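Undergrad: structure for the following, please:
(2 chains)
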Amino acid sequence: MSPVLLLALLGSAPCGPVAPAEPDRALAAVYFEVGEAALATEDWEAAATAFARALAHDPSLSRAAALREQACLSLGEHSFSHVEALMDAKRWRPALEVLAGLTHAAPGSRALLEGVCHVELGDDEAAAEALRRALKDPAHEADARVLLSLLALRRGSARAAEEQLRTLESGGHALGSPLSALLRQASRGGAFTARASIFAGVDSNPALAPGMGQAQGLMGFTTLLQLTPLGAVGPYARVAAGGREYPGLAELRTFTGVGTLGLQLGRGGDRVAVDYSLDGVLFGPAPYAVTHGPRLEGSLQLGPVLVFAEWMLRFENFLPADAAVFSGVRHDAALGASAALPRGFSVEAAWSLTRDDARAQELALLEHGPRLTVAWAGGRTRAMAGAGLDWRSYDAFDADLGVQREDVRVHPSVRVEVDLAEWVSLFVAGDASFVSSNVEAVRSVRIAASGGAQLWVGMW
Amino acid sequence: MTRFVLLCCCVLSTLAPAQAGDANTHVLAGARAFRAGDWAVALVEFRVALKLGAPASVRWYEGATLARSGRFEEAVGVFELAFETAPNERDPLLDYYRALACFEARLWGCVLEVTTGLERTGGPRIQQQVASMAAEAKQLLSAEPPREAIDACFTRASGASSPSLSRAWLREAARLGKRRVDRFRVDEAERASK
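TA: Okay, the predicted model is just below:
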């Protein structure tokens, strides 16, 4: 055997093109026999190798070609099913080790699976390299581009994500609305994002007067600037501001501003974030309150269920002399779980707990209760409906009210958003609160409805 | 692995001249593929060489290739055949692969038998693995093997994918039986394995 033929023999993949060898029907028959024996023991790789060698020496052996195809099919299915089982068990590193040995497998499929494993392991560089290899296979180009866009989003490069998705969209790929939704997310994300909304509506009882109150028109705005220089994982900074005005009640005009610095570790469902905020509130024309404090939140993906928890501490300082008694320390905590449901629905349930240690003991309170939210997202539309129930009990007898106050509050809400374009959405929202209490003066009903537009801008 | 190729060359020297043009080439190709870690090619080439008249000692290489590719039970059967047909054409490296195949296929008596005298041969890594395999087998066989274990060997023998693997299980049953005071099914196993 010539060295060239020997090299071809040693270097050729069993399911790749067959390198021609010196015609030899007798030798081909021996290889064929060895292949059949290997096939009988389900040694697919040896079988494919033997049949390939048989064909190399006798290309007219159609039976060898058919059996090689069968062996290669089984080899691919067997190998990939093993990898699939490992990936299902979230054993990413063993799956990568098996993939490394699948030299006979289709390069595109192998590269895509390697990319998925690296994505899951958080090894972004290796993932990007593997996915770029998968792009070369038309059968896997779409999957690879979507994963590359997710990687880019994860690294905070919304423009790179958008570029990948636009390539797919312009190719008329059948990924459809999920792709469009992701594209909108990409165009709205980035290392620096800005969001602003304006709204107007009506509030049946803005002053929470006893009973039904008197309806007023309302209008307002919100803004949010967010900086995530290293992407989702890493430090972040936010500045938010908002205002609300009732044209008929100038004294209820409110402006708020919040600055936050934080750090997020982990991504996806398994994450934890810690931050510190400084808030200021203007009520009417004058400064009303300054609060600050840390917040800790985290979530854990347990199968289909995402479990989350949050705790926030606020040192509150109410500035007007008549409101100073509300100053103190406030804790807000929540523990809940959410899960995706079929057809774009999701559900979230939580229990919230608030402890307000106001300076005046009769104003200190404990409040807790359940929350339930059902959300739906489909195409350009998102909808959410939820409700909460709070039991609030005050710590001490209130001499002015002549009673130790106990309240129960139910507060349903709904919101529907429609994306008009990648950078603008319209929304309508409604919320209500029904307060019952052992103090008649604070029993109230309030229903508000508003509509508006929200602008999104993502940079980098 | 150089030793493996040298061993193969020794095999080639034993081939009759008429066979050399056919079998020699495939033994050598198998050895090179083995050295390159291409187990499927190595296996095919060794088997082709055997069909073309290579000596039975090539079975040892076939067994080693099966063991390296993780097909341990098949390797046990092939090593059994090699031991029956060319008992003296082996070396410590091939015995190591045989011990490994027996270990992975849970033939503890075979592990003890093959590793005896092997612990002082081979490189440090192989010595360590041999010692580890031998220690585990010794511990498992420190007590009298239960009858169920011997019965299980008979069951494995009857369901074996090849006659040589069946004989390997029967010999294992005999090994285990001899470690019992009542020599449970030893004669039956020895008779059946012949």
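
Undergrad: please state the offset of stretch A:246-264 from the chain centre?
TA: Its chain's C-alpha centre and that of stretch A:246-264 lie 27 Å apart, by C-alpha atoms, centre = their mean, to the nearest Å.

Undergrad: distance across it, terminal residue to terminal residue?
TA: End-to-end distance for stretch A:246-264: 37 Å, by C-alpha to C-alpha, to the nearest Å.

Undergrad: now what about it, what contacts it?
TA: A:203, A:206-207, A:216-219, A:232-245, A:271-285, A:295 (C-beta atoms under 8 Å, 6 or more residues apart in numbering or on different chains). Heads up, the C-betas are built off the backbone N, CA and C, glycines and all.

Undergrad: average pLDDT across it?
TA: For stretch A:246-264, mean pLDDT is 89.

Undergrad: and stretch A:164-174, by the same measure?
TA: 68.

Undergrad: and for stretch A:49-58?
TA: 94.

Undergrad: ok so, going back, the contacts of stretch A:246-264 in strands, which ones?
TA: Taking DSSP state E as the definition of strands, the contacts of stretch A:246-264 contribute A:203, A:216-219, A:234-245, A:271-283, A:295.

Undergrad: could you flag which of those are buried?
TA: If you count burial by 16 or more other C-beta atoms under 10 Å in any protein chain shown, the buried members of those come out as A:203, A:216, A:218, A:236, A:238, A:240-245, A:271, A:273, A:275, A:277, A:279-283, A:295.

Undergrad: okay, now residue 140: neighbour count?
TA: I went with chain A, as the question did not name one. A count of neighbours around A:His140, defined by other C-beta atoms under 10 Å in any protein chain shown, yields 23.

Undergrad: that was the other one, I meant chain B.
TA: Using other C-beta under 10 Å: B:Leu140 sits among 15 other residues.

Undergrad: got it, and B:Ser193?
TA: Using other C-beta under 10 Å: B:Ser193 sits among 18 other residues.

Undergrad: next: A:Arg93.
TA: Residues near A:Arg93, counting by other C-beta under 10 Å: 10.

Undergrad: what's the separation between it and A:Glu348?
TA: 33 Å (C-beta to C-beta, to the nearest Å).

Undergrad: what does A:Phe192 give?
TA: Separation of A:Phe192 from A:Glu348 (C-beta to C-beta) stands at 29 Å.

Undergrad: before we move on, what about A:Ser197?
TA: 22 Å.

Undergrad: go on, A:Thr373?
TA: Distance from A:Thr373 to A:Glu348, counting by C-beta to C-beta: 5 Å.

Undergrad: now the strands for chain A?
TA: Under DSSP E, chain A gives strands at A:192-203, A:216-227, A:234-245, A:254-267, A:270-283, A:286-302, A:305-318, A:328-340, A:345-358, A:365-378, A:381-394, A:406-421, A:424-437, A:444-459.

Undergrad: can you list these in TSV and add distance to B:Leu140?
TA: Converted to TSV, the strands of chain A look like this (distance: least, C-beta to C-beta, whole Å):
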stretch	distance to B:Leu140
strand A:192-203	63
strand A:216-227	62
strand A:234-245	52
strand A:254-267	44
strand A:270-283	41
strand A:286-302	39
strand A:305-318	43
strand A:328-340	47
strand A:345-358	52
strand A:365-378	57
strand A:381-394	61
strand A:406-421	66
strand A:424-437	68
strand A:444-459	63
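
Undergrad: and chain B, which residues reach chain A?
TA: Applying C-beta under 8 Å from any C-beta of the partner chain, one finds that chain B approaches chain A through B:22, B:25, B:29, B:32-33, B:36, B:38-41, B:43-45, B:47-48, B:51-52, B:71, B:74, B:161.

Undergrad: buried subset of those residues, written for ChimeraX?
TA: Here is the ChimeraX command that selects only those of the residues of chain B next to chain A that count as buried (16+ other C-beta under 10 Å):
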select /B:22,25,29,32,33,38,39,40,41,43,44,45,47,48,51,52,71,74
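
Undergrad: which parts of chain B belong to which domain?
TA: With automatic domain parsing as the criterion, the domains of chain B are listed as B:3-106, B:147-192.

Undergrad: just name the most buried of those.
TA: domain B:3-106 (a mean of 21; mean count of other C-beta atoms under 10 Å in any protein chain shown).

Undergrad: find the closest residue to chain A in chain B.
TA: B:Ala40 (4.1 Å; C-beta to the nearest C-beta).

Undergrad: what strand or helix carries that residue?
TA: Assigned by DSSP states H and E, B:Ala40 belongs to helix B:39-51.

Undergrad: low-scoring stretches of chain B, by residue?
TA: B:1-21, B:119-120, B:122 (pLDDT under 70).

Undergrad: closest to the centroid, which residue in it?
TA: Nearest to the mean C-alpha position of chain B, by C-alpha atoms, centre = their mean, lies B:Phe79 at 2.8 Å.

Undergrad: and that residue, how far from B:Ala33?
TA: Distance, B:Phe79 to B:Ala33, by C-beta to C-beta: 19 Å.

Undergrad: is it true that the residue of chain B closest to chain A touches A:Ala46?
TA: Yes. With contact defined as C-beta atoms under 8 Å, B:Ala40 counts as touching A:Ala46 (4.7 Å).

Undergrad: look through chain A and tell me its longest helix.
TA: When chain A is parsed with DSSP state H, its longest helix is helix A:62-88.
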